[in-house]
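**Student:** What follows is a predicted structure for the sequence shown.
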Amino acid sequence: MGCRISELVIDADDAERLAAFRSEVPGYADIEREDDGSIAIGPAGDGFGGPQPILVISPSPDPRPRKLRLHIDVSPTDRDQEAEFERLLTLGAVPADVGQTGGESRHVPADPEGNEFCLLRRRVRPV
């Protein structure tokens, strides 16, 4: 296994409101709040890297065409991020330019149909 889904990221006009709703539906708790206004929620006690993906509600009034309001983040399980990125490129992913500066902790590839997703640096255990 090379990687697994660790986050589902939902773009939102009002991240606070959507996170409150998405937390209440399954009974999730806030896990982490980022300086950019993103709110990570998930099962209490499991947090990032647990057996199910966490939800990240991200403020984004981004009007880019073809940008999905939901994208999937994956994390490597049995190799480092660079090796997993190379594996994804071999499978048909292509690097995507979303304005990265080079200092990010994630790679942003796009799948063969152009849908962007993130490959995170932090490894998670296989499930």
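**Tutor:** Received it, and whenever you're ready, just let me know what you need.
**Student:** The helix or strand of the chain with the lowest mean pLDDT: how far from the chain's middle?
**Tutor:** Of all the helices and strands that make up the chain, strand 29-33 has the lowest average by mean pLDDT, DSSP states H and E, namely a mean of 83. Computed by C-alpha atoms, centre = their mean, to the nearest Å, the separation of strand 29-33 from the middle of its chain amounts to 15 Å.
**Student:** That strand - contacts with which helices or strands?
**Tutor:** Counting contacts by 3 or more C-beta pairs under 8 Å, 6 or more residues apart in numbering; DSSP states H and E, the secondary-structure elements packed against strand 29-33 are helix 15-24, strand 39-42. For glycine as for every other residue, the C-beta is placed from the backbone atoms N, C-alpha and C.
**Student:** and if we set it to 6 Å?
**Tutor:** strand 39-42 (3 or more C-beta pairs under 6 Å, 6 or more residues apart in numbering; DSSP states H and E).
**Student:** circling back to that earlier point, tell me which residues of the least confident helix or strand of the chain come out buried.
**Tutor:** I31 (16 or more other C-beta atoms under 10 Å).
**Student:** What ranges does this structure have for its helices?
**Tutor:** Using DSSP state H, the helices assigned to the chain run over residues 15-24, 81-91.
**Student:** Indicate which one of those helices is closest to C118.
**Tutor:** helix 81-91 (10.7 Å; C-beta to C-beta).
**Student:** Mind exporting the C-alpha coordinates of the closest one to CSV?
**Tutor:** Taking Å, rounded to 0.1, in the frame of the first residue of the first chain, the C-alpha atoms of helix 81-91 are listed here in CSV:
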residue,chain,number,x,y,z
GLN,A,81,6.4,11.7,0.6
GLU,A,82,8.9,12.1,-2.2
ALA,A,83,8.9,8.3,-3.1
GLU,A,84,5.1,8.3,-3.0
PHE,A,85,4.9,11.4,-5.2
GLU,A,86,7.1,9.7,-7.8
ARG,A,87,4.8,6.6,-7.6
LEU,A,88,1.7,8.8,-8.2
LEU,A,89,3.4,10.4,-11.2
THR,A,90,4.2,7.0,-12.6
LEU,A,91,0.5,6.0,-12.2
